[in-house]
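What follows is a predicted protein model with its sequence.
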Amino acid sequence: MRQRRKEARPAELMAAALDLFVERGFAATKLDDVAARAGVSKGTLYLYFANKEELFKAVIQQGILPVLAQGEEMLTQFDGDARALLQVMLMRWWELVGTTHLAGIPKLMISEAGNFPEVAQYYYENVMVRGRGLIREVLQRGIASGQFRAVDVEAAIDVILAPQMMLAIWRYSLGSCDCGKQDPQTYLRTHIDLLLNGLMAAEKK
């Protein structure tokens, strides 16, 4: 039992850290509080993580990077058309990230990137760059196959991802009060409907 408990501690610490990062922000989260939330001593926390920055990186590595890896695997295996692939990817992201506390990370980055540039740079290079790469590949496939009309791919990536990020940010800002709450499924279906119809190539006469 003691060995199993020891092996579970990094995951427990990361879960506690994610909860506190989302609740309080990066700056306001203290390692003492993370240890207390996880039910261990601060000394035990230091056996696994050297500092708060390393703990944040571990949260990203454990929570978000596997989702991106799934997306990359999907790109190599998916045999449907580009429209279906894009829809599956966007909905899958919400299922695995948007419905969890990981959805609070974009708001955290926006609010604290200026004070913690190293943390923001890590997030950009390991999450945003890879996420943009997934969407880029789908768009390029769709354009090459004639399903999607020719668009500025880099600008289109921003336009596609911005509503997804806004939904996550809303959840951890105004969504906490009765301020025009969004139904995520309705929001996502509307976003994807407008997106796919906007990307569709004109039918040849």
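Received the coordinates, thanks. What you see is a predicted model, and the numbers here were worked out from it, not measured in a lab. Numbers count the residues shown, from 1 in each chain.

All the helices of this protein, residue numbers only.
For the chain, helices defined by DSSP state H occupy the ranges 2-24, 31-38, 42-48, 52-63, 65-77, 82-93, 105-112, 117-123, 129-145, 153-171, 184-199.

Now mean pLDDT, mean neighbour count and distance to residue 99 too, for the ones you listed, in a markdown table please.
The C-beta positions use only the backbone N, C-alpha and C, and glycine is treated the same way. Listed next are the helices of the chain as a markdown table, based on pLDDT from 0 to 100; neighbours: other C-beta atoms under 10 Å; distance: least, C-beta to C-beta, whole Å:
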| stretch | mean pLDDT | mean neighbour count | distance to residue 99 |
| --- | --- | --- | --- |
| helix 2-24 | 81 | 16 | 13 |
| helix 31-38 | 94 | 18 | 21 |
| helix 42-48 | 92 | 14 | 27 |
| helix 52-63 | 95 | 18 | 12 |
| helix 65-77 | 95 | 14 | 12 |
| helix 82-93 | 94 | 19 | 10 |
| helix 105-112 | 88 | 19 | 13 |
| helix 117-123 | 93 | 15 | 20 |
| helix 129-145 | 96 | 17 | 17 |
| helix 153-171 | 92 | 17 | 9 |
| helix 184-199 | 93 | 14 | 8 |
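
Hmm, residue 145 and residue 81 touching each other?
Yes. Using C-beta atoms under 8 Å, residue 81 is in contact with residue 145, at 7.4 Å.

and the closest residue to residue 78 other than its chain neighbours, what does it touch?
In space, and not counting its chain neighbours, residue 78 is closest to residue 85: 5.1 Å by C-beta to C-beta, 6 or more residues apart in numbering. Counting by C-beta atoms under 8 Å, 6 or more residues apart in numbering, residue 85 touches 74-75, 78, 138, 141.

Would you format the residues you listed as JSON lines with distance to residue 132 included?
Shown next, in JSON lines, are these (distance: C-beta to C-beta, whole Å):
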{"residue": "74", "distance to residue 132": "16"}
{"residue": "75", "distance to residue 132": "13"}
{"residue": "78", "distance to residue 132": "18"}
{"residue": "138", "distance to residue 132": "11"}
{"residue": "141", "distance to residue 132": "15"}
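
Of those residues, just say which sits nearest to residue 118.
residue 75 (29.8 Å; C-beta to C-beta).

My read is that that closest one contacts residue 138, right?
Yes. In this structure residue 75 lies within contact range of residue 138 using C-beta under 8 Å: 7.5 Å.

and stretch 17-32, how far apart are its ends?
End-to-end span of stretch 17-32 (C-alpha to C-alpha, to the nearest Å): 11 Å.

from the chain's centre, how far out does that stretch sit?
18 Å (C-alpha atoms, centre = their mean, to the nearest Å).

same deal with stretch 102-116?
With C-alpha atoms, centre = their mean, you get 11 Å for stretch 102-116.

got the end-to-end distance for it?
18 Å.

ok, now stretch 96-114?
28 Å.

and for it, what are the contacting residues?
18-19, 21-22, 25-27, 60, 63-64, 67, 70, 119-120, 123, 164-165, 167-169, 171-173, 184.
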